[in-house]
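Chemist: structure for this input, please:
(one chain, ligands or ions: 2)
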Amino acid sequence: MPRLSPDVSALLDQCVALRRDLHQNPELSLLEEKTAAKLAERMKKLGYQVTTKVGGTGVVAILKNGPGKTLLIRSDLDGLPVRELTGAPYASRVMTKDAAGQSVGVMHACGHDVHVTCLVGVARAMSQLKERWKGTLVLVGQPAEEIVHGARDMLKDGLYTRFPRPDWCLALHVDAELEAGKVGYVSGYALANVDSVDVTIRGVGAHGAQPDKGKDPVVIAAQTVLAFQTIDSREIDPVQPVVVTVGAIHGGTKRNIIPDEVVLKLTVRSYSDEVRAKTLAAIERIANGIAQSAGVPENRMPVVTHLDDESTPATYNDPGLVERVVGTFRRTVGEENVVKREPVMGAEDFGRFGTEEPKVPIFMYRLGSISGERIAASKKPGAAPLPSLHSAIYLPEPKTTIRTGVTTMTAAAIDLLQ
Ligand SMILES: [Zn+2]
Ligand SMILES: [Zn+2]
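Modeler: Residues are numbered from 1 along each chain as shown. Ligands and ions are numbered 1, 2, ... in the order given. Model prediction:
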């Protein structure tokens, strides 16, 4: 049987209009009420069995089509606290207040508007092409990806128990450097473990002119930050990636007072469980060791806190699933439009869908989103580089991107559900 790419051109205009609407009306993490409602309403119209408010604003839409396997496809829903500067006629003008009461813009700067649109396109295509597949399709609109909360919240709320447990999970994410019309893939570890860690270095406060009367946590913090850099360079296997970044350091009030404590805020990135555990243990050991060498009293040793809420496991693309789906992509959009990409130390909470025992094979692929002309222009000498995801000027090329997203995801779904 020839494997034809599903004809999605009829859906495309509706998809582009939906994406414009979503782009103009972004919502921050945990607040994706309207976005979820738009998704749920369309899924219901297409005959999907829809459950809302799963793990917050999450949406689960199920289409049963006889006996067979179960495939879950996930889109995220949330925008970012970024004021849009793309100049697009449909640019977001939404403003809101952040936790500190500051006025911030809201923007789909990570392309989640494109992801939701592709999910609706796939829903439509799969309901029209029911004679070409069998089994169960579970389409998921997941909240709060940007704060790595939504996947955990949905799983805790019974995503794998209240609804059919998937045999595979797929997702796509726009790629800010890949040409629209192409898809990219990484087999194995694709995105990193994120561990958010606070290290509170405690000393003994004193007058700034009498350091001998105290234990200065600023000096201890300075030594600790530098010593953390030896974890990557001296302790971890050099061919294993790891990042220890101290992104914030807070301590003290006035130049002539030695404070009681200094707080370091770290983001720690890794791929394997072993490197992750070794790195976290080293952070604690180094912090304690430096405090001890400074003569900090036993009851003022550093406090190391792991923030589970702001941490997420690596995304491991199952090599068997990748091989199978990438084969489908090659037949669908052509060999030249399917490219191998490099893993990155960024993170995604989609990885969590693959960590619940018994583990489900997952695959997140990358969807090219920039026109060929823009990529070529960015390579000219002196030209500005392409904006990254989360940039105020990141703007995907909608039509080709959405068409490729819907075509590839639908083809993968049909091929898996045979
Ligand atoms: Zn993002
Ligand atoms: Zn994203």
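Chemist: can you pull out the strands in the stretch 151-300 of the chain?
Modeler: For the stretch 151-300 of the chain, the strands defined by DSSP state E, counting those that start in this stretch cover 168-179, 183-185, 188-191, 193-202, 206-207, 242-251, 257-258, 261-270.
Chemist: sec struct for Leu31, please.
Modeler: coil (DSSP: H, G, I helix; E, B strand; the rest coil).
Chemist: quick check: closest non-adjacent residue to it.
Modeler: Thr57 (7.5 Å; C-beta to C-beta, 6 or more residues apart in numbering). All C-beta atoms are positioned from the backbone trio N, CA, C, and that covers glycine.
Chemist: now for that neighbour, how many residues are close by?
Modeler: When neighbours are defined as other C-beta atoms under 10 Å, Thr57 has 28 of them.
Chemist: next one: phi and psi at Thr136?
Modeler: Dihedral pair for Thr136: phi -130, psi 130, per degrees, to the nearest 10.
Chemist: go ahead and confirm it touches Phe163.
Modeler: No. With contact defined as C-beta atoms under 8 Å, Thr136 does not reach Phe163; the gap is 9.2 Å.
Chemist: which neighbours do these two share?
Modeler: Ile62 (C-beta atoms under 8 Å, 6 or more residues apart in numbering).
Chemist: still on that earlier bit, including distance to Ile362 and mean pLDDT, could the strands of the stretch 151-300 of the chain go into JSON lines?
Modeler: Shown next, in JSON lines, are the strands of the stretch 151-300 of the chain (distance: least, C-beta to C-beta, whole Å; pLDDT from 0 to 100):
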{"stretch": "strand 168-179", "distance to Ile362": "4", "mean pLDDT": "98"}
{"stretch": "strand 183-185", "distance to Ile362": "13", "mean pLDDT": "98"}
{"stretch": "strand 188-191", "distance to Ile362": "10", "mean pLDDT": "97"}
{"stretch": "strand 193-202", "distance to Ile362": "15", "mean pLDDT": "97"}
{"stretch": "strand 206-207", "distance to Ile362": "54", "mean pLDDT": "98"}
{"stretch": "strand 242-251", "distance to Ile362": "23", "mean pLDDT": "96"}
{"stretch": "strand 257-258", "distance to Ile362": "50", "mean pLDDT": "98"}
{"stretch": "strand 261-270", "distance to Ile362": "19", "mean pLDDT": "97"}
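Chemist: take those strands and write them to TSV, including distance to Gly327.
Modeler: Converted to TSV, those look like this (distance: least, C-beta to C-beta, whole Å):
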stretch	distance to Gly327
strand 168-179	14
strand 183-185	11
strand 188-191	17
strand 193-202	29
strand 206-207	68
strand 242-251	33
strand 257-258	64
strand 261-270	30
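Chemist: take the ones you listed and lay them out in CSV including mean neighbour count and distance to Val360.
Modeler: Output for the strands of the stretch 151-300 of the chain, formatted as CSV (neighbours: other C-beta atoms under 10 Å; distance: least, C-beta to C-beta, whole Å):
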stretch, mean neighbour count, distance to Val360
strand 168-179, 23, 6
strand 183-185, 23, 18
strand 188-191, 21, 16
strand 193-202, 22, 18
strand 206-207, 14, 56
strand 242-251, 16, 27
strand 257-258, 18, 53
strand 261-270, 21, 22
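Chemist: which residues touch Thr230?
Modeler: Ile286.
Chemist: neighbouring contacts of stretch 331-344?
Modeler: For stretch 331-344, the surrounding residues in contact (C-beta under 8 Å, 6+ apart) are 3, 5, 175, 178, 181-186, 188-192, 241, 271, 326, 329-330, 366, 404, 407-408, 411.
Chemist: pretty sure Leu367 is in a helix, no?
Modeler: No. Leu367: not assigned to a helix; according to three-state DSSP it is strand.
Chemist: quick one: residues contacting the residue nearest the centre of the chain.
Modeler: Taking C-alpha atoms, centre = their mean, the centroid of the chain lies closest to Glu348, which sits 2.6 Å from it. Contacts of Glu348 were listed using C-beta under 8 Å, 6+ apart, and they are Glu145, Val148, His173, Leu191, Thr312, Thr315, Met364.
Chemist: the third one bridge partners, please.
Modeler: Spelled out, it's His173. Arg366 (DSSP bridges).
Chemist: so how far is Gly405 from it?
Modeler: His173 sits 10 Å away from Gly405, taking C-beta to C-beta, to the nearest Å as the criterion.
Chemist: need the residues touching each of these two.
Modeler: His115, Leu367.
Chemist: surely Leu63 and Gln49 touch.
Modeler: Yes. The criterion here is C-beta under 8 Å, and Leu63 meets it with Gln49 at 7.5 Å.
Chemist: so between the two, which is more surrounded?
Modeler: With neighbours defined as other C-beta under 10 Å, Leu63 and Gln49 compare such that Leu63 has more, 19 against 13.
Chemist: quick check: which element contains the closest residue to that one other than its chain neighbours?
Modeler: Distances taken as C-beta to C-beta, 6+ apart place Leu137 nearest to Leu63, at 4.5 Å, with adjacent residues excluded. Counting by DSSP states H and E, the element that carries Leu137 is strand 135-142.
Chemist: tell me who's in contact with the residue nearest to Leu63.
Modeler: Leu137 touches Ile62, Leu63, Asn65, Thr70, Leu71, Ile73, Met126, Ala413, Leu417, counting by C-beta under 8 Å, 6+ apart.
Chemist: number of nearby residues for Lys340?
Modeler: Lys340 sits with 9 neighbouring residues when counted by other C-beta under 10 Å.
Chemist: try Thr161
Modeler: Using other C-beta under 10 Å, Thr161 has 10 other residues around it.
Chemist: distance of it from Leu155?
Modeler: From Thr161 to Leu155 the distance is 9 Å (C-beta to C-beta).
Chemist: repeat that for Val174.
Modeler: Remark: distance between Val174 and Leu155 (C-beta to C-beta) = 24 Å.
Chemist: Leu264 now?
Modeler: Leu264 is 31 Å from Leu155, by C-beta to C-beta.
Chemist: excluding chain neighbours, give the residue nearest to Ala176 in space.
Modeler: Leu389 (4.9 Å).
Chemist: quick one: secondary structure of the one you found?
Modeler: coil.
Chemist: ok, it - contacts?
Modeler: Contacts of Leu389 by C-beta under 8 Å, 6+ apart are Ala109, Cys110, Gly111, Val174, Ala176.
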